[in-house]
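Visitor: mind folding the following:
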Amino acid sequence: MTAATDQPLDWQLLHVQPDLAQALADWRSWLADQRRLSAHTCRAYGTDIFDFLKFMAEHQGGALSLNHLTAIDLRAFRAWLAHRAADGATAATRARNLSALRSLFGWLDQTGRGFNPAIGQLQAPKRKAPLPRPVAEVDTQAILDMAEELAASPWVGLRDRALLTLLYGAGLRIGEAVSLNASQLPRQAENASMLVDGKGNKQRQIPLLPAIVEALLRYRDACPYPFHDDGPLFFGARGGRLNADTARGAVRQIRAALQLPDSVTPHALRHSFASHLLAKDVDLRVIQDLLGHASLASTQRYLDADLQRLQAVYNDAHTRARKGSS
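Guide: Just a heads-up that it's a prediction; the model follows:
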């Protein structure tokens, strides 16, 4: 499989005519000098185009020219991407391969050296959404405690703790949480629930654990700003509605203080809510309703992630078992 490396490419090995050779040299200079792409990206794009031209030269049976590039049809472009897939390139790598092609052919068009309409018909390969990466249960309590410790003032610490408790304990999206109004705050801890406005203006009723309500009420009692039914539940430091980016920034500070991986984000707490429910054998459709997923397929990803983790644990244990038996 061809890959971007630190080894320089020998462009002289390509079977290309002088007009194309000059165009390639000018394009590579443009990437570095005009586009100011990083050296790594320039190498990656160069490697992609090198591989593409080698493939086309082998099928052309002669030295390629600019005219050959403008005549390449959609089938040939797709054949190269299929070749990359057969060579083991992932969807993400093939998406970058296509980006390199578009860069070169777009530049050829802009500089008047050639135009190929087929390049505009190519579609990037579909990339699988990454599986959810929940926060380990052992870390969630430390995150909540650190939220209070790192805050600039006591009431902000209680706010951050209440917010993160809500994300983890009820599975809200960060945007849903900061959009809550004071009228949605439950008045008592027992049998409490909250009506949440989710994606697509879909509402869902979320049951709240007593610990969540207690954290919210502690924050409310400490907050220096007055609560109004149509006003925010979560206030920013200056009295306006809390911004989602501010909440993300607080989690970044907590993550750094606890030396947790970059995957620990507000959304990861929502993932944790779903994964931990799944681990306790809660029905997948119940989890779907609680998360506000329109499709069960979205919720199924948590099961896939859980199975993947189980497989990894099994493989590790099985390997150790084999070593122990030898």
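Visitor: for the rest of this, base every contact and every neighbour count on C-alpha atoms.
Guide: Fine.
Visitor: pretty sure M194 is in a helix, no?
Guide: No: M194: not assigned to a helix; according to DSSP: H, G, I helix; E, B strand; the rest coil it is strand.
Visitor: what about it, neighbour count?
Guide: Per other Cα atoms under 10 Å, the neighbour tally for M194 reads 16.
Visitor: check which helices and strands the one helix or strand I49 maps to sits against.
Guide: Following DSSP states H and E, the helix or strand that holds I49 is helix 39-60. In this structure, helix 39-60 makes packing contacts with helix 18-33, helix 74-86, helix 91-110, judged by 3 or more Cα pairs under 8 Å, 6 or more residues apart in numbering; DSSP states H and E.
Visitor: mind saving the C-alpha coords of that helix as CSV?
Guide: Provided in CSV are the C-alpha atoms of helix 39-60 (Å, rounded to 0.1, in the frame of the first residue of the first chain):
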residue,chain,number,x,y,z
ALA,A,39,5.1,19.6,4.9
HIS,A,40,3.2,16.5,6.0
THR,A,41,0.2,17.4,3.9
CYS,A,42,2.4,18.3,0.9
ARG,A,43,4.1,14.9,1.1
ALA,A,44,0.8,13.1,1.5
TYR,A,45,-0.7,14.9,-1.6
GLY,A,46,2.4,14.2,-3.6
THR,A,47,2.4,10.5,-2.7
ASP,A,48,-1.3,10.3,-3.7
ILE,A,49,-0.7,11.9,-7.1
PHE,A,50,2.4,9.9,-7.6
ASP,A,51,0.5,6.7,-7.1
PHE,A,52,-2.4,7.9,-9.3
LEU,A,53,-0.1,8.8,-12.2
LYS,A,54,1.8,5.5,-11.9
PHE,A,55,-1.6,3.7,-12.1
MET,A,56,-2.7,5.7,-15.1
ALA,A,57,0.6,5.3,-16.9
GLU,A,58,0.4,1.5,-16.6
HIS,A,59,-3.1,1.5,-18.1
GLN,A,60,-2.2,4.1,-20.7
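Visitor: re the thing from before, got the helices and strands packed on helix 39-60 as CSV, with mean neighbour count columns?
Guide: Formatted as CSV, those follow (neighbours: other Cα atoms under 10 Å):
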stretch, mean neighbour count
helix 18-33, 15
helix 74-86, 16
helix 91-110, 18
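Visitor: let me have those in CSV, extended by distance to Q184 and mean pLDDT.
Guide: As requested, these are exported to CSV (distance: least, Cα to Cα, whole Å; pLDDT from 0 to 100):
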stretch, distance to Q184, mean pLDDT
helix 18-33, 53, 93
helix 74-86, 51, 90
helix 91-110, 42, 89
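Visitor: average pLDDT for stretch 228-243, rounded please.
Guide: On average, the pLDDT along stretch 228-243 is 95.
Visitor: repeat that for stretch 119-133.
Guide: Stretch 119-133 shows a mean pLDDT of 68.
Visitor: export the helices and strands packed on helix 39-60 to CSV and append columns for distance to H271.
Guide: Formatted as CSV, those follow (distance: least, Cα to Cα, whole Å):
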stretch, distance to H271
helix 18-33, 39
helix 74-86, 31
helix 91-110, 23
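Visitor: rewinding a little: quick one: buried residues of the helix holding I49?
Guide: Neighbour-count burial for helix 39-60, counted by 16 or more other Cα atoms under 10 Å, picks out 41-54, 56-57.
Visitor: go on, stretch 194-205?
Guide: Buried residues in stretch 194-205 (16+ other Cα under 10 Å): 194, 196-198.
Visitor: sort those residues by pLDDT and name the bottom one.
Guide: Model confidence across the buried residues of stretch 194-205 bottoms out at G198, which has 78.
Visitor: isn't that one up against E176?
Guide: Yes: counting by Cα atoms under 8 Å, G198 touches E176, with 6.3 Å between them.
Visitor: how long is stretch 203-218 from one end to the other?
Guide: This stretch, stretch 203-218, spans 26 Å end to end (Cα to Cα, to the nearest Å).
Visitor: mean confidence (pLDDT) on that stretch, please.
Guide: Here stretch 203-218 scores 90 as its mean pLDDT.
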